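A.B. asks: here's my sequence, what's the structure:
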Amino acid sequence: MNNPQPPLAVIAVGGNALIRDDAHASIPDQSATVTATVEHIADLIAAGWRVVVTHGNGPQVGFILRRSEIAAGEVCPVPLDFAVGDTQGAIGYMFQRALGNALAQRNLARPVVSVVTQTRVNPADPAFARPDKPVGAFMDEATARARAAELGWSIMPDSGRGWRRTVASPQPQEIVETDVISALLERGTVVIACGGGGIPVVRDDAGQLQGVEAVIDKDRASALLAEQLGADLLLIPTGVAQVAVRFGQPDQQWLSRLTLEQADALIASGELGAGSMQPKVEAIAGFVARSAANGKQAQGLITSPECIVSALAGQTGTWISA
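C.D. replies: Residues are numbered from 1 along each chain as shown. Now for the predicted structure:
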């Protein structure tokens, strides 16, 4: 009789969470933030969990594109899908080294590896007709329009700070390397994957994968990976211990547990904030619902990195379940 596998958690760390503030945006600063964050992930592994770490890359891709723009005329520009791949290597290295060190300090002999991950999208996704995800540096309008004419970019004003290039953010359809990640987990490896939501690719008429100029939402891709792996938990660390409705207002209310019906009602009401907690709750609710449809009782958790262990003990965090 086979021994049951330990529970599996997919932990989705945001790219913005690696930059504490504008004064701490350097690569050594980001690496120091990763080193602090993985202490809590190592505690989770020490408690017996198998773990896949995914991560965002929004600011980091912007830095790469900006370097490419500054160096234009001297070196070849970096296409967006290659920029995502670059961040998977660099940020993956930060997590791989720091997590390996943290596990060694706990006398845990667990290999840690980063997997360059491709996420397949549908070339007919409506998002390609409406590229509305800003990437790269801010520009004045004249510069933006000149580059749009020269390079075929889509552009838009953003946040009152200037103009930016925009690209599509299609829905993820498949994490191409899921079987490889699953095999690594079976061998006891801690895996870092799906950086930046994965490198966006489409399959052409000949069945070949081709990179596309797009970005994929990290939380949506992490939810899909968690579903494909049959994970027990999708954990999204954030800046607060729990989700709140009417955050920052006198009648603010912290949330400890949500059913899918309650999560859907909050999403529909707009009380979670379209640009903050709502995408995280949507991603987790989708993962929990699809897992339930497949006969899997999975859960989602939103909490701060410092509260991961206490949240798993039921002391804090916002849990979402079917």
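A.B. asks: where do the helices of this protein begin and end?
C.D. replies: Ranges of helices in the chain, per DSSP state H, are 27-46, 58-70, 80-105, 141-151, 178-186, 218-229, 260-269, 278-293, 308-312.
A.B. asks: which one of these is the most hemmed in?
C.D. replies: Ranked by mean neighbour count, the helices of the chain are led by helix 218-229 with a mean of 25 (mean count of other C-beta atoms under 10 Å). Any C-beta I mention is one placed from the backbone N, CA and C, and that applies to glycine too.
A.B. asks: quick one: that one to helix 178-186, angle?
C.D. replies: Angle of helix 218-229 versus helix 178-186, following axes from the mean of the first three to the mean of the last three C-alpha atoms, to 10 degrees, is 70 degrees.
A.B. asks: can I get the helices of the chain in JSON lines including distance to residue 321 and mean pLDDT?
C.D. replies: Below are these laid out as JSON lines (distance: least, C-beta to C-beta, whole Å; pLDDT from 0 to 100):
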{"stretch": "helix 27-46", "distance to residue 321": "19", "mean pLDDT": "94"}
{"stretch": "helix 58-70", "distance to residue 321": "29", "mean pLDDT": "88"}
{"stretch": "helix 80-105", "distance to residue 321": "28", "mean pLDDT": "97"}
{"stretch": "helix 141-151", "distance to residue 321": "45", "mean pLDDT": "90"}
{"stretch": "helix 178-186", "distance to residue 321": "23", "mean pLDDT": "98"}
{"stretch": "helix 218-229", "distance to residue 321": "14", "mean pLDDT": "97"}
{"stretch": "helix 260-269", "distance to residue 321": "8", "mean pLDDT": "94"}
{"stretch": "helix 278-293", "distance to residue 321": "6", "mean pLDDT": "95"}
{"stretch": "helix 308-312", "distance to residue 321": "14", "mean pLDDT": "93"}
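A.B. asks: looking at those, which is nearest to residue 122?
C.D. replies: Closest approach to residue 122 among those is made by helix 218-229 (13.0 Å; C-beta to C-beta).
A.B. asks: which strands and helices sit next to that closest one?
C.D. replies: strand 8-13, strand 50-55, strand 172-175, helix 178-186, strand 233-237, helix 278-293 (3 or more C-beta pairs under 8 Å, 6 or more residues apart in numbering; DSSP states H and E).
A.B. asks: tabulate the ones you listed (a markdown table), appending distance to residue 219.
C.D. replies: Output for the helices and strands packed on helix 218-229, formatted as a markdown table (distance: least, C-beta to C-beta, whole Å):
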| stretch | distance to residue 219 |
| --- | --- |
| strand 8-13 | 6 |
| strand 50-55 | 9 |
| strand 172-175 | 10 |
| helix 178-186 | 17 |
| strand 233-237 | 6 |
| helix 278-293 | 4 |
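A.B. asks: ok, residue 123 to residue 129 distance?
C.D. replies: Using C-beta to C-beta, to the nearest Å, residue 123 is found at 11 Å from residue 129.
A.B. asks: could you check which of those two is surrounded by more residues?
C.D. replies: Set residue 123 next to residue 129 and count neighbours by other C-beta atoms under 10 Å: residue 123 wins out with 12 against 8.
A.B. asks: got the confidence number for residue 133?
C.D. replies: pLDDT recorded at residue 133 is 87.
A.B. asks: ok, it to residue 251 distance?
C.D. replies: 33 Å.
A.B. asks: so residue 58 sits against residue 18, correct?
C.D. replies: No: counting by C-beta atoms under 8 Å, residue 58 does not reach residue 18; the two are 10.1 Å apart.
A.B. asks: thinking again about what came up before, can you check which of the helices of the chain gets nearest to residue 169?
C.D. replies: Ranking these by proximity to residue 169 (C-beta to C-beta) places helix 218-229 first, at 8.9 Å.
A.B. asks: what does the closest one rub up against?
C.D. replies: Residues outside helix 218-229 that contact it (C-beta atoms under 8 Å, 6 or more residues apart in numbering): 8, 10, 12, 14-15, 52, 54-57, 119, 171-175, 178, 181-182, 185, 193-194, 196-198, 231, 233-234, 236, 279-280, 282-284, 286-287, 290-291, 294, 298.
A.B. asks: just to revisit the earlier point, how about the helices of the chain in TSV, adding distance to residue 112?
C.D. replies: Listed next are the helices of the chain as TSV, based on distance: least, C-beta to C-beta, whole Å:
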stretch	distance to residue 112
helix 27-46	9
helix 58-70	20
helix 80-105	5
helix 141-151	39
helix 178-186	10
helix 218-229	17
helix 260-269	32
helix 278-293	24
helix 308-312	18
